[in-house]
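1. Provided below for reference: sequence and predicted model.
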Amino acid sequence: MTLFIGRFQKRRNHMKFTPTTMMSADLKTPCRKKIHLVTVYTHAPADSEKTTCLEEPHKRKLPPRTQAFTHHWKSAHHGYEETSPDNARGVIFSDGENWKVMRRFTLTTLRDFGMGKKAIEDRVVEEYRCLGDTIEAQQGKPLEITLMMNAAVANIIVSILLGKRYDYEDPTFKKLLTLVHENIRLFGSPSLSIYNMFPVLGFLLKDHKTFKQNVKEINAFIKVTFIEHLKVLDRNDQRSFIDTFLVRQQEENGKANGYFHNENLTAVVRSLFAAGMETTSTTLRWGLLLMMKYPEIQKKVQDEIEQVIGSNPPRIEHRTQMPYTDAVVHEIQRFANILPVNLPHATTADVTFKGYFIPKGTYIVPLLASVLRDESQWEKPDMFYPEHFLDANGKFVKKDAFMPFSAGRRTCAGETLAKMELFLFFTGLLQRFTFHPPPGVSISDLDLSPSIGITVPPVTHEICAVPRS
Ligand code: HEM
């Protein structure tokens with residue numbers, strides 16, 4: 001595991017960069033390098049400044065499992081207009097009691113609305129059919145699948161959040177998808193990374209302005225939606241995550257120190273929408289690209305689908321009988337490594353780790369690449385090799401170093417949902433189509449370099465989906 005530690009000073013409501021912050025390597029591809037871009041911040045006084053890099057590439061487990069590592073660092077630009085960075089709302093960028101209450105509520109409510117259960121499985125089955133129909137309408141012509149895939153995956157989390165699905169062509173939905181997608185790209189862009197280090201430069205940066213404007217528009221949509229839900233709210237018939245939140249809000253009855261206020265609702269819905277859509281969709285796009293790149297692997301998956309599922313709709317119960325497909329889905333996640341720098345954490349107390357003293361408030365970047373590409377754990381760490389997850393008899397094997405969802409108390413809140421979506425969308429699509437590069441593009445032309453974003457997508461490419469049978 002690799003940790004990078006350094007300094008950043010707090011000044012009023014923003015962080016001031018100090019020259020000892022360590023920055024190394026490549027701003028665009030932190031996931032593919034052994035030395036990574038790292039900026040590390042702390043609230044400690046400037047005179048004790050020291051930047052340290054802890055590199056533990058052979059450690060299998062992420063060390064920050066303890067209470068002391070549980071804060072998510074608040075980046076300078078996540079606070080936007082409605083909360084100061086010290087007063088963050090929602091789940092992803094909040095901490096302390098607000099985070100605990102919001103995380104607990106999120107997990108319970110996601111489960112109540114079917115996360116990991118048949119209710120959501122049925123929704124995914126319906127959605128991969130709709131996505132399949134939309135792809136089929138292209139009649140095998142080259143297509144750029146990002147928005148379509150985002151729409152299909154977003155509809156799953158939207159069905160939990162709002163209790164409905166949208167048509168892919170619905171203008172409001174399309175606008176929302178575009179705003180969220182653009183912000184995910186901007187969030188990981190070099191220019192916003194620079195803004196995070198030098199907030200004072202914010203007014204100069206066009207990307208920062210676009211990011212803030214997009215957030216305003218997303219918030220406006222969420223507010224209109226929950227006002228609509230409020231009008232017909234029935235505590236005995238809660239149809240969505242938003243309804244359940246609003247019922248809790250009414251129970252709190254305007255309590256001064258309550259947590260179920262509109263700011264938390266907006267922030268939770270916004271982050272679940274983004275986290276629930278972009279991650280899974282990006283992984284699936286990597287999956288289709290890898291299937292075009294390795295047609296022999298695609299064929300083996302399709303053979304297994306034929307053998308186990310035939311022409312029935314893929315369901316989650318099939319997974320245990322499909323070790324090869326399961327291994328391929330895991331290997332897509334390992335290889336794609338879509339959140340290479342994870343989400344930044346911060347220490348909540350002074351800690352000593354591996355003999356290093358780390359003061360309270362230190363910015364910690366637990367690099368997932370250091371486990372997902374660990375040479376001591378993977379036979380071919382930089383290659384796409386589904387056998388990483390298979391034993392000599394072709395049985396699926398779990399690996400400790402497989403941590404795309406991170407670990408510890410801040411581990412991904414949507415892991416169960418994501419795993420179900422990945423398996424079902426992937427098998428549903430490969431049952432129905434064979435994916436090829438467009439005419440004129442050879443397999444060797446297919447580029448597996450990562451693009452830019454807080455979630456790392458493949459570089460833009462087109463695919464041809466040829467219906468099977
Ligand atoms: C392939 C899909 C996904 C991947 C690879 C992924 C990965 C991650 C990672 C690495 C984190 C940060 C963990 C940490 O800070 O240590 C995270 C956090 C989070 N994810 Fe996911 N995620 C995925 C899908 C989802 C979905 C579908 C949802 C929504 C239902 C979701 C909701 C969240 C939330 C709410 C957090 C913040 C948790 C907290 O701060 O307590 N994720 N995810």
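-> Happy to help now that I have it. Residues are numbered from 1 along each chain as shown.
2. from here on, just use CA atoms for contacts and neighbour counts.
-> Noted.
3. residues from the stretch 1-150 of the chain in reach of the ligand?
-> Proximity of the stretch 1-150 of the chain to the ligand (Cα under 6 Å from any ligand atom) is limited to residues 91, 92, 103.
4. verify the stated contact: the second one with residue 271.
-> So the one you mean is residue 92. Yes: here residue 92 reaches residue 271: they are 6.9 Å apart, a contact under Cα atoms under 8 Å.
5. more neighbours: which of these two?
-> residue 92 (23 against 16; other Cα atoms under 10 Å).
6. residue nearest the middle of this structure, spatially speaking?
-> The chain has residue 279 as the residue nearest its centroid, 3.6 Å off, counting by Cα atoms, centre = their mean.
7. which helix or which strand is home to the residue in the stretch 1-150 of the chain that the ligand sits nearest to?
-> Residue nearest to the ligand within the stretch 1-150 of the chain: residue 92 (3.9 Å; Cα to the nearest ligand atom). Residue 92 belongs to no helix or strand when assigned by DSSP states H and E.
8. among the residues of the stretch 1-150 of the chain next to the ligand, which one sits closest to residue 343?
-> Of all these, residue 343 sits closest to residue 92, with 8.7 Å by Cα to Cα.
9. look up phi and psi at the closest one.
-> Main-chain torsions, residue 92, degrees, to the nearest 10: phi -60, psi -40.
10. give me the neighbour count for residue 228.
-> 11.
11. ok, the residue nearest to the centre of the chain to residue 313 distance?
-> 24 Å (Cα to Cα, to the nearest Å).
12. same question for residue 341.
-> Counting by Cα to Cα, the gap from residue 341 to residue 313 is 36 Å.
13. please identify which of those two sits among more neighbours.
-> For residue 341 versus residue 313, neighbours defined as other Cα under 10 Å are more numerous around residue 341 (22 against 16).
14. quick one: that one is in a strand?
-> No: counting by DSSP: H, G, I helix; E, B strand; the rest coil, residue 341 is not found in a strand; it is coil.
15. okay, the residue nearest to it when sequence neighbours are not counted: pLDDT?
-> Spatial nearest neighbour of residue 341, excluding adjacent residues (Cα to Cα, 6 or more residues apart in numbering): residue 367 at 4.7 Å. Each residue has a pLDDT score; the one for residue 367 is 85.
16. repeat that for residue 185.
-> Per-residue confidence at residue 185 stands at 77 (pLDDT).
17. number of nearby residues for it?
-> The number of residues near residue 185, taken as other Cα under 10 Å, comes to 19.
18. then residue 122?
-> By other Cα under 10 Å, 12 other residues sit near residue 122.
19. ok, for the residue nearest to the centre of the chain, nearest residue in space, not its chain neighbours?
-> Excluding the flanking residues, the one nearest residue 279 by Cα to Cα, 6+ apart is residue 455, at 6.5 Å.
20. now swap in residue 161 and tell me
-> residue 241 (4.6 Å).
21. please report phi then psi for the one you found.
-> phi -50, psi -40.
22. how close does it get to the ligand?
-> Using Cα to the nearest ligand atom, to the nearest Å, residue 241 is found at 11 Å from the ligand.
23. is it true that that residue touches residue 162?
-> Yes: under the criterion of Cα under 8 Å, residue 241 makes contact with residue 162 at 6.6 Å.
24. of these two, which one has the most company?
-> Taking neighbours as other Cα under 10 Å, residue 241 and residue 162 compare with residue 241 leading, 23 against 19.
25. so where is the stretch 151-300 of the chain shaky, pLDDT-wise?
-> Applying pLDDT under 70 to the stretch 151-300 of the chain flags residues 188-207, 254.
26. change it to 90
-> Scanning the stretch 151-300 of the chain for pLDDT under 90 picks out 180-215, 221-232, 252-258, 271, 274.
27. what does it put close to the ligand?
-> With Cα under 6 Å from any ligand atom as the criterion, the stretch 151-300 of the chain comes near the ligand at residues 272, 275, 276, 279, 280, 283.
28. hmm, 8 Å instead?
-> When proximity is defined as Cα under 8 Å from any ligand atom, the stretch 151-300 of the chain approaches the ligand at 157, 268, 271-273, 275-283.
29. now the helices for the stretch 301-450 of the chain?
-> In the stretch 301-450 of the chain, the segments counted as helices under DSSP state H, counting those that start in this stretch are 323-336, 369-372, 415-432.
30. who does the spatially closest residue to residue 142 that is not a sequence neighbour form a beta bridge with?
-> Spatial nearest neighbour of residue 142, excluding adjacent residues (Cα to Cα, 6+ apart): residue 464 at 4.7 Å. Counting by DSSP bridges, residue 464 is bridged to residue 436.
31. run a quick neighbour tally on residue 464.
-> 22.
32. that one against residue 437, yeah?
-> Yes: applying Cα under 8 Å as the test, residue 464 and residue 437 come out as touching, 5.9 Å apart.
33. coming back round to it: for the helices of the stretch 301-450 of the chain, which one sits closest to the ligand?
-> helix 415-432 (4.4 Å).
34. which residues touch that closest one?
-> Contact with helix 415-432 is made by 115-116, 121, 124-125, 128-129, 132, 153, 276, 280, 283-284, 287, 298, 301-302, 305-306, 311, 313-316, 319, 325-326, 329, 405, 467-468, as judged by Cα atoms under 8 Å, 6 or more residues apart in numbering.
35. gap between the closest residue to residue 94 other than its chain neighbours and residue 329?
-> Once flanking residues are discounted, residue 94 sits nearest to residue 88: 5.0 Å by Cα to Cα, 6+ apart. Going from residue 88 to residue 329 by Cα to Cα gives 35 Å.
36. would you map the strands across the chain?
-> Shown for the chain, the strands assigned by DSSP state E span residues 2-5, 8-11, 14-17, 52-55, 71-72, 345-346, 351-353, 356-358, 363-364, 433-436, 464-467.
37. what's the last one packed up against?
-> Helices and strands in packing contact with strand 464-467 are listed as helix 118-136, strand 433-436; criterion 3 or more Cα pairs under 8 Å, 6 or more residues apart in numbering; DSSP states H and E.
38. please identify the deepest-packed of these.
-> Greatest average neighbour count among the helices and strands packed on strand 464-467 goes to strand 433-436 (a mean of 22), per mean count of other Cα atoms under 10 Å.
39. so for that one, mean pLDDT?
-> 98.
40. mind listing what's buried along stretch 354-361?
-> 358, 359, 360, 361 (16 or more other Cα atoms under 10 Å).
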